[in-house]
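>>> generate a structure from the sequence data that follows.
(one chain, ligands or ions: 1)
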Amino acid sequence: MNVFLYAKRQQRKLNFLITQTELYAHFMSRKLGGANHQEQLRILSQLEEEKIPRLAAIDDYDSETMKQKAKKNVRDAFQAEQNRTREFAHGVAHELTDDFKLTETSISADEERPQPIIFMGNLKHYQLKGMNWLANLYDQGINGILADEMGLGKTVQSIAFLCHIAEKYGKYDL
Ligand SMILES: Nc1ncnc2c1ncn2[C@@H]1O[C@H](COP(=O)(O)OP(=O)(O)OP(=O)(O)O)[C@@H](O)[C@H]1O
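Next up is the predicted model:
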């Protein structure tokens with residue numbers, strides 16, 4: 001396979017995952033009344049790219065298809081989560097007090113976190129995105145697996161994420 005196309009596809013996979021997660025966070029914040037349609041368009045626009053002339057004949061990437069795919073995945077995941085939450089809330093509704101309601105959480109899902117000060121190094125742009133992705137998941141109590149290609153910096157992103165948690169929450173024992 002064309003090496004350039006292979007690298008491009010790897011990069012797209014990562015971009016797709018990050019965009020999908022941002023979109024999910026956006027759906028969550030929209031539910032809480034904090035996001036708009038423009039923001040959704042902005043997130044999805046991350047899947048757009050200029051046509052690459054040298055790959056024109058062998059590259060079948062279509063940003064509109066990928067946008068639809070991301071939206072569908074996120075809608076399905078969001079719906080499944082809603083169903084789970086509804087079932088759970090229904091089961092324990094009688095135990096909830098006015099001080100604790102499932103729908104009243106404060107999630108700042110689109111927050112752009114800088115590289116932690118205590119992290120001694122310089123995160124690459126995509127590593128900072130990866131760290132933000134992990135932090136978003138953490139803030140929303142969602143599990144996730146950072147599965148970049150070998151050597152792209154999963155270890156440094158994990159260290160940066162732990163630094164972020166230590167710095168932001170004063171938590172050193174996860
Ligand atoms: N931002 C960075 N600054 C300096 N060095 C870096 C950076 N990111 C990665 N490296 C270096 O690149 C190499 C690979 O990084 P790292 O071990 O974090 O990748 P990995 O994805 O965890 O790899 P593997 O899949 O092999 O476990 C390491 O030697 C690491 O020090």
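
>>> show me which residues of this structure sit near the ligand.
Within the chain, the positions lying close to the ligand (C-beta under 6 Å from any ligand atom) are 121-124, 127, 148, 150-156. Any C-beta I mention is one placed from the backbone N, CA and C, and that applies to glycine too.

>>> hmm, which two among those are most spread apart?
When C-beta to C-beta is used, the two most widely separated members of these are Asn122 and Met150, lying 20.7 Å apart.

>>> what about those two, which has more around it?
Asn122 (9 against 5; other C-beta atoms under 10 Å).

>>> the more buried one contacts Gln115, correct?
Yes. Contact criterion C-beta atoms under 8 Å: Asn122 and Gln115 qualify, at 7.5 Å.

>>> okay, which residue is most central for the protein?
In the chain, the centroid-proximal residue (C-alpha atoms, centre = their mean) is Thr21; its distance is 2.8 Å.

>>> what strand or helix carries it?
Taking DSSP states H and E as the definition, Thr21 sits inside helix 3-31.

>>> which helices and strands sit right next to that helix?
Helix 3-31 sits against helix 37-44, helix 63-92, helix 125-140, with contacts defined as 3 or more C-beta pairs under 8 Å, 6 or more residues apart in numbering; DSSP states H and E.

>>> and the angle for that helix with helix 63-92?
Taking axes from the mean of the first three to the mean of the last three C-alpha atoms, to 10 degrees, one finds helix 3-31 and helix 63-92 inclined to each other by 40 degrees.

>>> what residues sit buried inside helix 3-31?
8, 12, 14-30 (16 or more other C-beta atoms under 10 Å).
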